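Trainee: Okay, predicted coordinates and the sequence, questions at the end:
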Amino acid sequence: MKPATLETGEAPLALWREIMAGRGLVAGERAGRAIAAGHALLAKAARGNDAIYGVNTGFGKLASVRIPTDRLAELQVNIVRSHCAGVGAPLPEPVVRLVLALKLASLAHGASGIQPAIVALLEGMLARGVLPVVPAQGSVGASGDLAPLAHLAAVMIGEGEAFHAGERMPGGAALARAGLSPVALGPKEGLALLNGTQVSTALALAGLFAIENAFGAALVTGAMAVDAAAGADTPFDARIQQLRGQPGQIDVAAALRALMADSEIRRSHLADDPRVQDPYSLRCQPQVMGAALDVLRAAASMLEREANGVTDNPLVMADTGEVLSGGNFHAEPVAFAADMLALAAAEIGNLSQRRCAMLVDPVLSGLPAFLIPKPGINSGFMVAEVSSAALASENRMRAAPASTDTIPTSANQEDHVSMAAHGARRLTPMAENLAAIVGIEAMMAAQGIEMRKPLRPGPRVAVSLARVREHSAFLESDRALAGEMAAIAALVADGSLLGDHADIRALLPSGGPLR
């Protein structure tokens, strides 16, 4: 895939999906000019007599310590080495790719004052697959993701560790094997690499994309469940949604109407149905899933801005030549976005799980108990539903906000922190749980629909049912379901269950899974 050309502030969410999947990124001509100009201004300031934080002073609580000119390069190497204090398992390689690209995007504004060689090395590492070993834990999401980004920066100066061609090795060796050379850091450049919210943002974007995939699949399984339970589509009428005016609700109802179009099951009980109303898990899908969609969109907008912004400190003002110290490294916007995504993931899973519970209940679904032709001797989907409940409960626990916590650090210099990194890191396991819940619902709904034969669902639901049946046959009698549950969860997670439903993809902030 041809590398994308980045001009500052213009990268859409879909590009970050592509970079996670292996696409490269290079700075465009306008960005190149901004980088060169910013570097020249910073170099001039570093030669002056004024104290400039992180350029000729110590860091954090040590900002009052002035550093001699002949030791400025040593200062930058030392901050990288001292901050390599991360813990835990390495971040997944797609996330590290995203961190590299986000750091490139931030530096490409030219406000960080770094030399063009640093951006060129980031481009080369992305292109040639030199992926630093970045411990997942150790950031509190303020003053940047210091510890994890230090491990990234260490590879760029020929230290640390990296993965290359599937092998873990010393950072310098990985660069050499890829035909790349480490950089010699100049004034402020170690700080520029460590400051920033790129790790928190990468983790939040990875979570967003995974939750988007599950959200789209949950619309499909929600429509399947309505057919399986012989439910009504009247609650999805556009006029109901317009009277409330919530945009996500309007969009979700339209998607459900399209999914259920031409269903023989629905037509079979349009008249003389003794049921007046369906359970909320069926009837209130536009309201719940629509609210979740609005939250996904709001969080995605915050993350898109963060990915395109500058989160370094201090910053070079190209128009005046000033070097200003501020707090763009504070990851509170990412922390809030991550908390929003966690809430949405938990609620999407709650609703799907309630439909699972409804489908195995013969009183509510009108189907055989636990969706098995001969209940009693067979237990059917009894414990699959229990698993969905366990996963939903786990996600509810994880949905507690991270952004409301703060522990002062750095001898109280950094007295309020965002906790964005682990707030974002939890999103991927939450999305994995969500995919499993939605996958279980897909299996149950497919079973229920086929118990309605000879009546058939609409053509779009039939396509999704067939996709489930490629991995999980109709349950005639008890068999172990764990392997099939894992296979269907994988279809949810990679976007296969969503398939080519272009109208649903269009609802998702990033456009949905890559084709």
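Mentor: In hand now; what should we look at? None of these values were measured; they are calculated from a predicted model.
Trainee: mind checking the SS state of the residue lying farthest from the centre of the chain?
Mentor: Taking C-alpha atoms, centre = their mean, the residue of the chain most remote from its mean C-alpha position is residue 272, at 46.1 Å. Assigned by DSSP: H, G, I helix; E, B strand; the rest coil, the conformation of residue 272 is coil.
Trainee: Check the nearest residue to residue 103 once chain neighbours are set aside and give its pLDDT.
Mentor: Among residues not flanking residue 103 along the chain, residue 198 sits closest, at 4.8 Å (C-beta to C-beta, 6 or more residues apart in numbering). From N, CA and C alone the C-beta is placed, and that goes for glycine too. Residue 198 carries a pLDDT value of 98.
Trainee: just residue 283 next, same as before
Mentor: 97.
Trainee: Report the contact partners of it.
Mentor: 231-232, 235, 277 (C-beta atoms under 8 Å, 6 or more residues apart in numbering).
Trainee: how close does the residue nearest to residue 103 sit to residue 294?
Mentor: Noted for residue 198: a distance of 27 Å to residue 294, by C-beta to C-beta, to the nearest Å.
Trainee: more neighbours, these two?
Mentor: In this view residue 198 and residue 294 are compared by other C-beta atoms under 10 Å, and residue 198 has more residues nearby, 29 against 18.
Trainee: so the more buried one touches residue 145, yeah?
Mentor: Yes: counting by C-beta atoms under 8 Å, residue 145 is a contact partner of residue 198 at 6.4 Å.
Trainee: What's the mean pLDDT across the host helix or strand of residue 488?
Mentor: Using DSSP states H and E, residue 488 falls within helix 482-493. Averaged across helix 482-493, pLDDT comes to 98.
Trainee: Could you do stretch 330-348 as well?
Mentor: Here the average pLDDT along stretch 330-348 is 97.
Trainee: Okay, residue 43 and residue 115: tell me how far apart.
Mentor: 9 Å.
Trainee: Settle it for me: which of the two has more neighbours?
Mentor: residue 115 (22 against 15).
Trainee: picking up where we left off before, what residues does the residue nearest to residue 103 make contact with?
Mentor: Here residue 198 is in contact with 99, 102-103, 106, 145, 149, 311 (criterion: C-beta under 8 Å, 6+ apart).
Trainee: Same list as before, those that is, but in a markdown table and with distance to residue 459, secondary structure and neighbour count included.
Mentor: Formatted as a markdown table, these follow (distance: C-beta to C-beta, whole Å; DSSP: H, G, I helix; E, B strand; the rest coil; neighbours: other C-beta atoms under 10 Å):
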| residue | distance to residue 459 | secondary structure | neighbour count |
| --- | --- | --- | --- |
| 99 | 43 | helix | 26 |
| 102 | 41 | helix | 28 |
| 103 | 46 | helix | 27 |
| 106 | 47 | helix | 25 |
| 145 | 47 | coil | 33 |
| 149 | 50 | helix | 27 |
| 311 | 47 | coil | 26 |
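Trainee: Just give me the closest of those residues to residue 19.
Mentor: Taking C-beta to C-beta as the measure, residue 19 sits nearest to residue 102 out of the contacts of residue 198, at 8.8 Å.
Trainee: now the residue farthest from the centre of the chain: how far from residue 200?
Mentor: From residue 272 to residue 200 the distance is 56 Å (C-beta to C-beta).
Trainee: dump the residue contacts of the closest residue to residue 161 other than its chain neighbours.
Mentor: Distances taken as C-beta to C-beta, 6+ apart put residue 133 closest to residue 161, at 4.0 Å, once the chain neighbours are dropped. Residue 133 sits next to 90, 151, 160-163, 168 when contact means C-beta under 8 Å, 6+ apart.
Trainee: ChimeraX command to pick out the buried ones of these?
Mentor: In ChimeraX syntax, the buried subset of the contacts of residue 133 is picked out as below (16 or more other C-beta atoms under 10 Å):
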select :90,151,160,161,162,163
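Trainee: Just the C-alphas of the helix holding residue 488, formatted as CSV.
Mentor: What follows is helix 482-493, C-alpha atoms only, in CSV (Å, rounded to 0.1, in the frame of the first residue of the first chain):
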residue,chain,number,x,y,z
ALA,A,482,-17.0,-22.6,22.8
GLY,A,483,-15.1,-23.0,19.5
GLU,A,484,-18.1,-21.7,17.5
MET,A,485,-18.6,-18.8,19.9
ALA,A,486,-15.0,-17.8,19.4
ALA,A,487,-15.3,-18.0,15.6
ILE,A,488,-18.4,-15.8,15.5
ALA,A,489,-16.9,-13.4,18.0
ALA,A,490,-14.0,-13.1,15.5
LEU,A,491,-16.5,-12.3,12.7
VAL,A,492,-17.8,-9.5,14.9
ALA,A,493,-14.4,-8.2,15.8
